[in-house]
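Visitor: Pasting the sequence and the predicted model now:
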Amino acid sequence: MILQLVGLVALAGIGWCAIIPSFYESNGWKAPSAMPSEPRWGLALILLAVVVVAVTIGRPRHIARAINPAVTVTEESHVSDVSDEELRDEHLQSAAHQLADGFSRLDQEFLARLTPEQRAAQVKMRFDLYMHVDDIWEAPKQRGENSVEVPGYGAVAGMRDLLMALFVNAQEAQHAAEDVPELYSVKVVVTRDEDA
């Protein structure tokens, strides 16, 4: 609906600045006084249409919610009862995968700039953080529950997948740099700040 309206506005702009004036001119008629002699108004309409299209394409969920607050449109253009504020567990895990995919290239570029010692530290810290989240993931199983079925655990699954991707990035960076991980032992030391 909105895109059709934008298309009509764009056509009106093209007609206003190009087609209608040339039609009058080619027939030797005088253009109506309402028709501007400069094409700026038609170009303004076209520009407005382009801006509206860009905003519409970039924010489909917000536009759908503005039309009907009870529903939003997901990225696959299916109607869903999930609002932006309360994503379902499976959406959280999917978002984590997309974030990992988008971040991996930059992550590996910056890992390549580190020293072998720094890469080894990254592998250790990323693995430790992954294991912390994995402990949270495993906790329901100790109570006889399935983590997948626990409400809110989609966020845990997403974090677990994201951290595993970060850990793998660091390992791959070590491999690409031909580091020998066995040469480095990483020890994380926590000290108390006396000034605090």
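Guide: Received it, and whenever you're ready, just let me know what you need. Residues are numbered from 1 along each chain as shown.
Visitor: Scan the chain for its longest helix.
Guide: helix 116-142 (DSSP state H).
Visitor: Okay, buried residues for that one please.
Guide: 119-124, 126-127, 130, 133-134, 137, 140 (16 or more other Cβ atoms under 10 Å). (Glycine included, C-beta is placed from N, CA and C.)
Visitor: For stretch 132-150, which outside residues touch it?
Guide: 153, 156-157, 159-160, 163 (Cβ atoms under 8 Å, 6 or more residues apart in numbering).
Visitor: quick revisit: take the buried residues of helix 116-142 and lay them out in JSON lines including distance to Asn146.
Guide: JSON lines is the format used below for the buried residues of helix 116-142 (distance: Cβ to Cβ, whole Å):
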{"residue": "Arg119", "distance to Asn146": "36"}
{"residue": "Ala120", "distance to Asn146": "36"}
{"residue": "Ala121", "distance to Asn146": "35"}
{"residue": "Gln122", "distance to Asn146": "33"}
{"residue": "Val123", "distance to Asn146": "31"}
{"residue": "Lys124", "distance to Asn146": "31"}
{"residue": "Arg126", "distance to Asn146": "27"}
{"residue": "Phe127", "distance to Asn146": "25"}
{"residue": "Tyr130", "distance to Asn146": "21"}
{"residue": "Val133", "distance to Asn146": "17"}
{"residue": "Asp134", "distance to Asn146": "16"}
{"residue": "Trp137", "distance to Asn146": "11"}
{"residue": "Pro140", "distance to Asn146": "7"}
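Visitor: will you turn these into JSON lines that also has pLDDT and distance to Asn169?
Guide: Formatted as JSON lines, these follow (pLDDT from 0 to 100; distance: Cβ to Cβ, whole Å):
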{"residue": "Arg119", "pLDDT": "95", "distance to Asn169": "10"}
{"residue": "Ala120", "pLDDT": "95", "distance to Asn169": "14"}
{"residue": "Ala121", "pLDDT": "95", "distance to Asn169": "14"}
{"residue": "Gln122", "pLDDT": "96", "distance to Asn169": "9"}
{"residue": "Val123", "pLDDT": "96", "distance to Asn169": "10"}
{"residue": "Lys124", "pLDDT": "95", "distance to Asn169": "14"}
{"residue": "Arg126", "pLDDT": "97", "distance to Asn169": "8"}
{"residue": "Phe127", "pLDDT": "96", "distance to Asn169": "12"}
{"residue": "Tyr130", "pLDDT": "97", "distance to Asn169": "12"}
{"residue": "Val133", "pLDDT": "97", "distance to Asn169": "16"}
{"residue": "Asp134", "pLDDT": "97", "distance to Asn169": "17"}
{"residue": "Trp137", "pLDDT": "96", "distance to Asn169": "20"}
{"residue": "Pro140", "pLDDT": "96", "distance to Asn169": "28"}
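Visitor: List just the nearest of the residues you listed to Glu194.
Guide: Ala121 (24.4 Å; Cβ to Cβ).
Visitor: Chain neighbours aside, what residue packs nearest to that closest one?
Guide: Val186 (5.1 Å; Cβ to Cβ, 6 or more residues apart in numbering).
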